[in-house]
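[1] predicted model, plus sequence, below.
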Amino acid sequence: MAAHPLTVGFDLDMTLIDSRPGIKAAYEALAARTGTHIDAEAAITRLGPPLEQEIRRWFPEERVAEVSDLYRELYPTHAIAGSLAMPGAREAVDAVHAAGGRAIVVTAKYEPNAKLHLTHLGIAADAVIGSLWAEAKAEALREHGAQIYVGDHTGDVRGAQAAGALSVAVATGPCDAAELRAAGARVLLDDLTDFPSWLDRYVADPARYVADGADGDGSTAACA
């Protein structure tokens, strides 16, 4: 796919959406259906990696594929309505469009469920690519010519790096600012409410955003 003049990739869980209430409800439904204890409160503190990683905490390896499929089947009924847009999420995607760019979502979540979230919340992504985690996200980012990837997890930072994209990290998920910075995030924002003004600076002079750890204004952006 030919590179667009500006394509920005976004992670989904805890970057664009706060899916914790919905995922908690989905895990509770899964526990009820299977008769297996799942600590849903603990599970929602570990969002980011593929579902199977969490399922392995509660089920034997030979049941992981089966139970993961059941979770995905239960998910639309229990997880979509309860999940919320993160502060600034719609505005961040709108800012990309206002700059003449494309906004894509690259997530480890099962793609049909990711699309359900975005439709429910009215977040207008130009493309959604699911079931990719960490370095594997680079495949979709390169295919769509993404120059920037925005995420909340160190796995998102690694994905951006593997794609040769600028890693923009938001301290809204399970990884704090120090972890994101140590992983190599090039830009650190408190949350997506800061993204439109940062994007304005980036579009005005992309060459400023070249030094490791620099926020483009000659300093390292701090997260709360």
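    Thanks, I have the structure now. Numbers count the residues shown, from 1 in each chain.
[2] enumerate every residue touching residue 68.
    Residue 68 makes contact with 51, 52, 55 under the criterion Cβ atoms under 8 Å, 6 or more residues apart in numbering. No exception for glycine: its C-beta is placed from N, CA and C like everyone else's.
[3] now the first one: closest residue in space, sequence neighbours ignored.
    Once its chain neighbours are removed from consideration, residue 51 has its nearest residue in residue 68; the separation is 5.3 Å (Cβ to Cβ, 6 or more residues apart in numbering).
[4] which parts of the chain are strands?
    7-10, 17-18, 84-85, 102-106, 127-129, 148-151, 166-170, 187-189 (DSSP state E).
[5] mean pLDDT and mean neighbour count added to these, as JSON lines?
    Below are the strands of the chain laid out as JSON lines (pLDDT from 0 to 100; neighbours: other Cβ atoms under 10 Å):
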{"stretch": "strand 7-10", "mean pLDDT": "98", "mean neighbour count": "28"}
{"stretch": "strand 17-18", "mean pLDDT": "98", "mean neighbour count": "24"}
{"stretch": "strand 84-85", "mean pLDDT": "98", "mean neighbour count": "16"}
{"stretch": "strand 102-106", "mean pLDDT": "98", "mean neighbour count": "25"}
{"stretch": "strand 127-129", "mean pLDDT": "98", "mean neighbour count": "18"}
{"stretch": "strand 148-151", "mean pLDDT": "98", "mean neighbour count": "29"}
{"stretch": "strand 166-170", "mean pLDDT": "98", "mean neighbour count": "28"}
{"stretch": "strand 187-189", "mean pLDDT": "97", "mean neighbour count": "24"}
